[in-house]
Structures are given as structure tokens and as C-alpha cells.
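**Student:** Below: sequence and its predicted model.
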Amino acid sequence: MAERRNPLPDLLRRQLDEAHHGLLRVHKALLDHERARYESSNGPIGGPGAFLQLVIHDPVFAWLRPISEFVVQIDEFVSSRDARNPADGEALLDQARDLLVPSESGTDFQQKYYRALQESDDVVEAHAEWKLASFQMRPSR
């Protein structure tokens, strides 16, 4: 029996997939950067399990949760077998673009994102790729 798929327009599905991929890339760069900052102050983190526990529970990593949660939102929207309103998908794209806005004087997330951009070439590269992709994700209205 064929699996029922969420009947999203192809363009919107591609845009959401690109947003998902781009957010994951930025998230990984930020995690790597924050891990290095953490280890420079606290010593090496054990293995991947110990790092995951820190990411989940340590306040140092709490500012990254909005990206983690948003990646999950996009994934759930796209992978749902239930019919989804394309306008909700467009709204997710808008929210994704609004999420990764660095600012020296914005929210805690924006300030820490700004700091990471100042400190890490990998974060800058991921951000630049995200900005290019998010520009291409603009809905054609």
C-alpha cells in the first residue's frame, strides 16, 4: 500500500526542505562553536552522550533551543501525513527567516547569535549560506 503524503505544493515543499537543511547547518555550526567555548572554560566534554546531556540540560546551551525546536516544527509539518495548509508552510518560512537575525541589542538569542558570528568563521559561513538560501526561499506572491 502506498504511503499517503502531505499534499504540499512542490515549490513549498522544496523551500521548507531547504530551510530545514539550512537551519540544521547553522545549528551544527553553533553547537560546535559553543562546545569549543564550553571546553575552553570547563575542560573536555566526554563523548557524544555527555555532550547531548549538556545541550539538553546546561543553561550555557539553552539559547540554542529555539533553533532545535524550529527544525522539529518544520520536519513535523513536512512529514505529516495529514493535509496541511500551504499558508502555514509560508508562515514557517517567514518565521525561519526572522529567527536567524543577529543583533547586539536584541533578544538573548539574537545577542548570542551575533557574538557567535563575531567569533566563528564556521558560523559566518553557515549564516551566509542560510541568508542566500532564505533569499531564494521567498514566496512568489
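**Tutor:** Okay, I see it.

**Student:** What sits closest to the spatially most central residue of the chain if chain neighbours are left out?
**Tutor:** By Cα atoms, centre = their mean, the chain has its centre lying nearest to Leu23, at 3.0 Å. Leaving aside its chain neighbours, Leu23 sits nearest to Val71 (5.0 Å; criterion: Cβ to Cβ, 6 or more residues apart in numbering). Every C-beta, even on glycine, is put in place using the N, C-alpha and C of the backbone.

**Student:** Just the element for that neighbour, please.
**Tutor:** Assessed by DSSP states H and E, Val71 sits inside helix 65-79.

**Student:** gap between that helix and the chain center?
**Tutor:** Chain-centre distance of helix 65-79: 8 Å, with Cα atoms, centre = their mean, to the nearest Å.

**Student:** Provide the contact partners of it at residue level.
**Tutor:** Around helix 65-79, the neighbours that count as contacts under Cβ atoms under 8 Å, 6 or more residues apart in numbering are 6, 8, 13, 16-17, 19-20, 23-24, 26-27, 30, 84, 88-89, 92, 95-96, 99-100, 109.
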